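S.K.: Following is a predicted model, sequence given first.
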Amino acid sequence: MKKQWIPILLILLTFHYFFSSSASAHTNNSEGFSTIEVKGKTLQYELKLDLTELGHAMNKEISQQQSINSDVLQKYLNSHIKLYADGVLIEGIVKKTDVATIKDRQFGVMNLTYEMDHAPGRLVLNYNIFFDDSDPSHANFVTVKMNGKQQEKILSYEARELEVGEMGFLQNAKQFLLLGLEHIFTGYDHILFVISLLFGAKTIRHIFSLVTAFTIAHSITLALATLQIVQLPSKLIESAIALSIIYVALINIFDQNSKHQPWIAFCFGLIHGFGFAGILSEMRLDESHMVTSLLSFNIGIEIGQLLIVSLVFPLIRLIKKIRPANWLIPGTSVGILAFGLLWFFQRAF
């Protein structure tokens, strides 16, 4: 198979869409074939689909784009095939396309490559091609090769998911601990909120009470949201997180001697916990390791917070001791306020 087949396949898809009537476009009982092979950090997916049915299923994309291109095809496949490697959603890139004849019918052959940051122990495939938009009677015959084992399954309207392998305890704990660390260090809104709390901290004991209250609160809502016991709109949560930054920044600007109370950290910690849970809600967590995943993720967040506190608080204390630099705390708070306002208007409207 060579890359020059890509435009040929796309032309054939367009032809099938524009020159097949709506009645004859359906193949009914269409078939598909999936061969998935995991080699280290790379997953290769060869997908064969009835060409006529694929052209019909993509009619919305065609009508919006006027023609099919490789980006449209790739977007369609990634939106209808969800692959989770150790709970993390991965997306494929269409590398090659071809046309093959199977059982006297033309099939589009698409080769997708998925790159991962480590060799997965568990793979979940959620397959939704044709079922809801074209042919509910579609069936896909899947073969998965991973970790020296092979598994086959027929995916249908009633059975759209395939799970292979299991992630080890230590691998699971390490992955979610690092994910928690990454989340706190890339969550600039959470970092600015913690720094704003530190501006109003007076002693090490006071810091301990603030961090403890914040940790207990966000741990509660993180668990409730991840376990889907309490669900709130992400727009509401993200806007409320921005408001928490605005509130604390305003106190730091207009009352530099204010001592932030633990109840403030606790109340806003409840909101931030829902924000922390956002990334976990996008993952397919292994139920057998649910407690480990939550605990490790939370520990990662706490390690990140402690690192931030240990680096920032001594600097704040030093600045407060330098009399000519007293303006730095309210000045910095004005900058934090600006970010909070910007995030609020971006998220709320």
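M.R.: Yes, it's here.

S.K.: ok, which stretches of the stretch 201-349 of the chain are helices?
M.R.: Assigned by DSSP state H, counting those that start in this stretch, the helices in the stretch 201-349 of the chain fall at 204-226, 234-254, 262-281, 290-321, 328-348.

S.K.: again but with the stretch 51-200 of the chain, I slipped
M.R.: When secondary structure is read from DSSP H, counting those that start in this stretch, the stretch 51-200 of the chain shows helices at 51-57, 59-65, 70-80, 169-186, 188-199.

S.K.: Make a markdown table out of those and add mean pLDDT and distance to I237.
M.R.: To be clear about C-beta, it is placed using only N, CA and C from the backbone, and glycine gets the same treatment. A markdown table is the format used below for the helices of the stretch 51-200 of the chain (pLDDT from 0 to 100; distance: least, Cβ to Cβ, whole Å):
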| stretch | mean pLDDT | distance to I237 |
| --- | --- | --- |
| helix 51-57 | 83 | 35 |
| helix 59-65 | 49 | 31 |
| helix 70-80 | 87 | 25 |
| helix 169-186 | 87 | 15 |
| helix 188-199 | 91 | 11 |
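
S.K.: how many other residues sit next to the residue nearest to N298 when sequence neighbours are not counted?
M.R.: The shortest distance from N298 to any non-neighbouring residue, by Cβ to Cβ, 6 or more residues apart in numbering, is to S219 (5.6 Å). With neighbours defined by other Cβ atoms under 10 Å, the count for S219 comes to 19.

S.K.: try P314
M.R.: The number of residues packed around P314, counting by other Cβ under 10 Å, is 10.

S.K.: ok, so what distance separates it from A201?
M.R.: According to Cβ to Cβ, to the nearest Å, P314 stands 12 Å off from A201.

S.K.: Need the phi and psi values for D117.
M.R.: With angles defined as degrees, to the nearest 10, D117 sits at phi -90, psi -10.

S.K.: Isn't it up against K41?
M.R.: Yes. Using Cβ atoms under 8 Å, D117 is in contact with K41, at 6.8 Å.

S.K.: any weak-confidence spans in the stretch 1-150 of the chain?
M.R.: Filtered on pLDDT under 70, the stretch 1-150 of the chain yields the residue ranges 1-28, 59-69.

S.K.: can you map out the strands along it?
M.R.: Ranges of strands within the stretch 1-150 of the chain are 31-39, 42-50, 81-85, 88-90, 93-102, 105-115, 122-127, 139-146, 149-155, based on DSSP state E, counting those that start in this stretch.

S.K.: Just the buried positions in the first one, please.
M.R.: What that stands for is strand 31-39. E31, G32, F33, S34, I36, V38 (16 or more other Cβ atoms under 10 Å).

S.K.: What distance do you get for the closest residue to the fourth one other than its chain neighbours to M116?
M.R.: By that I understand S34. Distances taken as Cβ to Cβ, 6+ apart put V142 closest to S34, at 4.3 Å, once the chain neighbours are dropped. According to Cβ to Cβ, V142 and M116 sit 19 Å apart.

S.K.: higher neighbour count, these two?
M.R.: Ranked by neighbour count (other Cβ under 10 Å), V142 and M116 place V142 first, with 20 against 16.

S.K.: Is the more buried one bridged to anything, and to what?
M.R.: Beta-bridge partners for V142, by DSSP bridges, are S34, K153.

S.K.: show me what contacts it?
M.R.: Shown in contact with V142 (Cβ atoms under 8 Å, 6 or more residues apart in numbering): S34, T35, I36, L125, Y127, E152, K153, I154, L155, L162.

S.K.: returning to what we had before: return the most buried member of the helices of the stretch 201-349 of the chain.
M.R.: Mean neighbour count, computed with mean count of other Cβ atoms under 10 Å, is highest for helix 262-281 among those, reaching a mean of 21.

S.K.: Taking the centroid of this structure, which residue is nearest it?
M.R.: Per Cα atoms, centre = their mean, the C-alpha nearest to the average position across the chain is that of E282, at 4.6 Å.

S.K.: just checking, E302 touches T215?
M.R.: Yes. With contact defined as Cβ under 8 Å, E302 counts as touching T215 (6.0 Å).

S.K.: I figured I216 was touching F266, is that so?
M.R.: Yes. Checked against Cβ under 8 Å, the pair I216 and F266 is within contact range at 6.9 Å.

S.K.: Poorly predicted segments of the stretch 151-300 of the chain, please.
M.R.: The low-confidence ranges in the stretch 151-300 of the chain, as defined by pLDDT under 70, are absent entirely.

S.K.: Mind doing that once more with 80?
M.R.: 166-168, 171, 200, 202, 256-259, 281-289 (pLDDT under 80).

S.K.: hang on, the earlier thing: could you pick out the buried ones from the contacts of V142?
M.R.: Neighbour counting by 16+ other Cβ under 10 Å classes S34, I36, L125, Y127, K153, L155, L162 among those as buried.

S.K.: Go through those and name the one nearest I251.
M.R.: L125 (49.9 Å; Cβ to Cβ).

S.K.: The closest residue to Y45 other than its chain neighbours bridge partners, please.
M.R.: Spatial nearest neighbour of Y45, excluding adjacent residues (Cβ to Cβ, 6+ apart): L112 at 4.4 Å. L112 has the following beta-bridge partners by DSSP bridges: Y45, V94.
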